[in-house]
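Novice: Predicted model and sequence below, questions to follow.
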Amino acid sequence: MGSKKFEPREFSRNALIIITVSFFAALWILFSTIPRYEINLKFENVSMGNFSNILDKKYVAIKNYNDWVNLWNKMNFNVIGIAQPPFVDFNKSMIIAVYEGQHTSSGYAIEITKIVESNYYYEVFVQEEAPGMGCISNIFTQPYHIVKVNYTEKDVTFSNLKEIINCV
């Protein structure tokens, strides 16, 4: 009277659900407890200015000499007696370069403010400035900042902070 008959198929399905949920819960616990480290890296300024000849906004990590020479030559294509790019030992260091692109007025700036290494990547923090109220100066500018940092095979990501600077 009222006894429920044992159904092996239902038991197997319930057991499979419990095992699957337990497996994913164990994975979540395992990976959420792996310590994530972050180290603020020291970097060396290579060049910074307002006239790069790079017309588009661009963020790059350069890990070899040929790419470095090509970038340097693009920046200085209209300079008479172009100098060699600053020396970089690409076995130990790499170049991070950020370009604001071309603007039709002054008041724009770009700067690498911090580079952080984590377990998985380098994160480059970039501060951009744009002119606000009362900033009028008709001149073409292409702000840029180039730094040298320890070499890595990790991916390089970029995080922006944009600020408007009023002149009045």
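Specialist: That came through, no problem.
Novice: Look at residue 123 and give its secondary structure.
Specialist: strand (DSSP: H, G, I helix; E, B strand; the rest coil).
Novice: close enough to count as contact, it and residue 113?
Specialist: No. If you go by CB atoms under 8 Å, residue 123 and residue 113 don't touch, sitting 11.4 Å apart. To be clear about C-beta, it is placed using only N, CA and C from the backbone, and glycine gets the same treatment.
Novice: Looking at those two, which is more packed in?
Specialist: Counted by other CB atoms under 10 Å, residue 123 and residue 113 do not tie: residue 123 has more neighbours, with 18 against 11.
Novice: can you give me the strands in this protein?
Specialist: 38-41, 44-49, 58-62, 93-99, 109-118, 121-131, 144-150, 155-165 (DSSP state E).
Novice: Reformat those strands as JSON lines; add mean pLDDT.
Specialist: Listed next are those as JSON lines, based on pLDDT from 0 to 100:
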{"stretch": "strand 38-41", "mean pLDDT": "92"}
{"stretch": "strand 44-49", "mean pLDDT": "96"}
{"stretch": "strand 58-62", "mean pLDDT": "97"}
{"stretch": "strand 93-99", "mean pLDDT": "98"}
{"stretch": "strand 109-118", "mean pLDDT": "96"}
{"stretch": "strand 121-131", "mean pLDDT": "95"}
{"stretch": "strand 144-150", "mean pLDDT": "98"}
{"stretch": "strand 155-165", "mean pLDDT": "92"}
